[in-house]
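J.: below: sequence and its predicted model.
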Amino acid sequence: AAKPAPAARAGIGFSNLELVPMDGDAPAAAEPVAVAFAPPSSAALERGNGLSLAAEDAKPAQSISSGALLVLAGLGGPDAVRQLLAGLPPTLPVPVLLYQHLDTGKHDRLVDQLAKASQLPLDLAVAGKLAFPGRVSVLVPGLGARFEDGSLQFTAGGQLADVVAALPAAESGVLVLSGADPALVPAVLQLMADGGLVLAQDPAACFDPTAADAVQRAGATAATPADLAARVSQRWH
């Protein structure tokens, strides 16, 4: 007699993932610090909000003329980062650079944890190596980046503000999540003024909303991490 067909396997959903909490996931309550920054002009904001790029197949960075998506997070950020990476499509045609501040500096462990939720492969950024579309490179302190001939290469001895400044604004974006360093806000707003995409996590949902609140008040759209992923997908598809 013919053997019965095997039962269909249940789909795997990100909502059921059990992730080990990262350092910094459960911060102590603190009052938000008010930070004042001059917003870019309305004309600059219109340039940034009206941009669109056609979707491309994932290719090595040196073979396409594009920018990158930089994600900034800190206190309370790992949860938001997990939700964001779960929603980003694996066909994203730009590299994703992620800086998640960790007090312990265990970025290799962070890569392992985030890989459980991400649709894109993750690895640690290394000085001298290139960033590639459809991949997430986790930045560590002291690492910079530069664009040359359409390629993004990681450099030693850099700072995050230098990474923001190195991005080709018209083809790049920055996501400001919970706990992002407020000192980076001026550089992020300059990228927005130059036509770059800047989005923020809803400050009301942030453990540390200082930087997210500052860029939202300057004109950046704020939303949940899942909605931010959807907006990124629309921007590059």
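T.: Alright, I've got the coordinates.
J.: sketch out the low-pLDDT regions of this structure for me.
T.: For the chain, applying pLDDT under 70 flags the ranges 1-65, 105.
J.: if you set the cut-off to 80 instead, what comes out?
T.: Within the chain, the stretches with pLDDT under 80 are 1-66, 103-106, 149-150, 237.
J.: would you map the helices across it?
T.: Using DSSP state H, the helices found in the chain span residues 42-49, 77-87, 107-115, 160-166, 185-193, 210-217, 225-235.
J.: need the ones you listed in JSON lines (columns: distance to residue 142 and mean neighbour count).
T.: All C-beta atoms are positioned from the backbone trio N, CA, C, and that covers glycine. As requested, the helices of the chain are exported to JSON lines (distance: least, Cβ to Cβ, whole Å; neighbours: other Cβ atoms under 10 Å):
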{"stretch": "helix 42-49", "distance to residue 142": "29", "mean neighbour count": "15"}
{"stretch": "helix 77-87", "distance to residue 142": "19", "mean neighbour count": "23"}
{"stretch": "helix 107-115", "distance to residue 142": "12", "mean neighbour count": "17"}
{"stretch": "helix 160-166", "distance to residue 142": "10", "mean neighbour count": "20"}
{"stretch": "helix 185-193", "distance to residue 142": "17", "mean neighbour count": "22"}
{"stretch": "helix 210-217", "distance to residue 142": "20", "mean neighbour count": "24"}
{"stretch": "helix 225-235", "distance to residue 142": "27", "mean neighbour count": "18"}
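J.: among those helices, which is nearest residue 151?
T.: Closest of the helices of the chain to residue 151 is helix 160-166, at 11.7 Å (criterion: Cβ to Cβ).
J.: what's the offset of the closest one from the middle of its chain?
T.: With Cα atoms, centre = their mean, to the nearest Å as the basis, helix 160-166 stands 14 Å off its chain's centre.
J.: contacting residues around that helix?
T.: Contacts of helix 160-166 with the rest of the structure, by Cβ atoms under 8 Å, 6 or more residues apart in numbering, involve 70, 72, 97, 99, 139, 143-147, 152, 174, 181, 183-184, 187-188, 190-191.
J.: only whichever of these are buried, select them in ChimeraX.
T.: A single ChimeraX command suffices to select whichever of the contacts of helix 160-166 are buried according to 16 or more other Cβ atoms under 10 Å:
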select :70,72,97,99,139,143,144,145,147,152,174,181,184,187,188,190,191
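J.: can you lay out the helices of the chain as CSV showing distance to residue 127?
T.: As requested, the helices of the chain are arranged in CSV below (distance: least, Cβ to Cβ, whole Å):
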stretch, distance to residue 127
helix 42-49, 30
helix 77-87, 23
helix 107-115, 14
helix 160-166, 13
helix 185-193, 21
helix 210-217, 26
helix 225-235, 26
